[in-house]
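>>> next come a sequence and a model predicted from it.
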Amino acid sequence: MIRCINLIAIALFIVMTIIFIKFKPVCIVSANGEKLGYINNKKDFETKVNELIYNNKSENIVSIDSVTVDYEFAFVSKDKQINENEIIAKIQDQTEITYKYYAVTINNKQKSIVNTLSEAEELATEIKENYNDVTSNVEINEVYTQNEDEYKTVNLQVAEKEISTELEKIKSSSVNGIYLAQKPITGVITSRYGSRESIRTHAHTGLDIAAPYGTKIKAAADGTVIWSGYKGSYGNLVIVDCGKNVEIYYGHCSKLYVESGQKVKAGDVIAAVGSTGNSTGNHLHFEIRVNGSSVNPQKYIYNN
Ligand SMILES: [Zn+2]
């Protein structure tokens with residue numbers, strides 16, 4: 001009897017030894033029914049997953065569509081790799097997290113994205129107070145994404161700095177609230193506003209910029225063309241009505257590419273440099289009128 005028990009014990013020992021030489025105990029992890037791999041310790045693993053995914057306390061998370069994770073204990077061949085990090089990455093991939101941010105939009109262009117509504121509101125209020133003359137609408141929009149990297153959010157201070165830098169530039173380049181976003185041509189200034197030269201019967205009403213014949217002239221600001229044709233000493237002339245009682249004249253052109261009634265955007269090519277009308281060389285006569293009176297363009301553009 002004792003011999004028999006001994007034999008059983010020995011046999012059992014041999015079997016166990018073989019099992020532990022060839023196999024190891026693991027925990028098999030599955031997510032939504034799909035087997036993802038092997039881990040050593042379920043408790044440690046669950047802690048890591050929770051920290052990484054479910055306990056993410058980001059105030060921007062609006063929902064987490066989590067996956068169902070199942071565990072199964074088994075003995076597997078020792079050459080099977082433990083791939084805990086890979087499994088966590090897969091679970092993260094399958095977990096759909098929706099984030100919400102707040103985008104501050106100025107004049108229909110998205111400017112800064114911040115994390116909280118209160119930051120967005122503070123920013124919008126400051127913009128409205130300080131830049132009322134160059135901002136027609138300031139809005140706060142909620143933006144949602146499932147890709148955390150889609151939007152680069154900034155804190156309030158950074159957003160304020162970014163926006164005010166841009167709006168200061170717009171403010172200093174705006175005539176009566178019309179932003180001169182584009183230099184019509186680059187060239188040498190040959191006659192300034194107000195100058196009196198022998199060729200003129202009165203003080204210069206615009207700014208002359210010399211450039212080669214045919215150089216493309218771009219609209220300085222958005223508006224509607226109200227004149228495109230020959231007009232006395234201006235020669236071939238384009239006049240753009242920019243709104244807010246601001247009109248911009250582009251004179252002495254060789255060619256006109258727009259028609260009266262056409263809407264143009266800052267940067268659109270509207271004409272080409274020439275020397276038509278009262279002109280002694282190829283140049284653009286650039287004139288800005290506010291309420292019908294010319295103003296010095298260099299207060300807003302071509303001043304640096
Ligand atoms: Zn001129």
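Great, that's in hand.

>>> from now on I want contacts and neighbour counts done on CA atoms only, so please keep to that.
Will do.

>>> give me the three-state assignment for Met16.
helix (DSSP: H, G, I helix; E, B strand; the rest coil).

>>> low-scoring stretches of the stretch 1-150 of the chain, by residue?
54-57 (pLDDT under 70).

>>> what ranges does it have for its strands?
23-31, 34-39, 61-65, 69-77, 96-106, 109-114, 138-145 (DSSP state E, counting those that start in this stretch).

>>> for the stretch 151-300 of the chain, same thing?
Going by DSSP E, counting those that start in this stretch, the stretch 151-300 of the chain shows strands at 174-175, 178-179, 188-191, 207-210, 216-218, 223-230, 236-243, 246-253, 255-256, 263-264, 269-272, 283-290, 293-295.

>>> out of those, deepest packed?
Neighbour counts averaged per stretch over those are highest for strand 246-253, at a mean of 27; criterion: mean count of other CA atoms under 10 Å.

>>> what's in contact with it?
By CA atoms under 8 Å, 6 or more residues apart in numbering, the surrounding residues in contact with strand 246-253 are 175-176, 178, 234-242, 271-279, 282-292.

>>> keep only those that also lie close to the ion.
Residues of the contacts of strand 246-253 in contact with the ion (CA under 5 Å from the ion): His285.

>>> quick check, Thr276 in contact with Gly235.
Yes: counting by CA atoms under 8 Å, Thr276 touches Gly235, with 4.5 Å between them.

>>> contact partners for Gly229?
Counting by CA under 8 Å, 6+ apart, Gly229 has contacts Gly235, Asn236, Leu237, Val238, Leu256.

>>> do the same with Val273
211-217, 252-255, 282-284.

>>> closest one of these to Val138?
Ile217 (31.8 Å; CA to CA).

>>> what sits against the closest one?
Pro184, Ile185, Val269, Ile270, Ala271, Ala272, Val273.

>>> for it, list each beta-bridge partner.
Beta-bridge partners for Ile217, by DSSP bridges, are Ala271.

>>> interface residues of the protein facing the ion?
Near the ion, when you scan the chain using CA under 5 Å from the ion, you find Asp208, His285.
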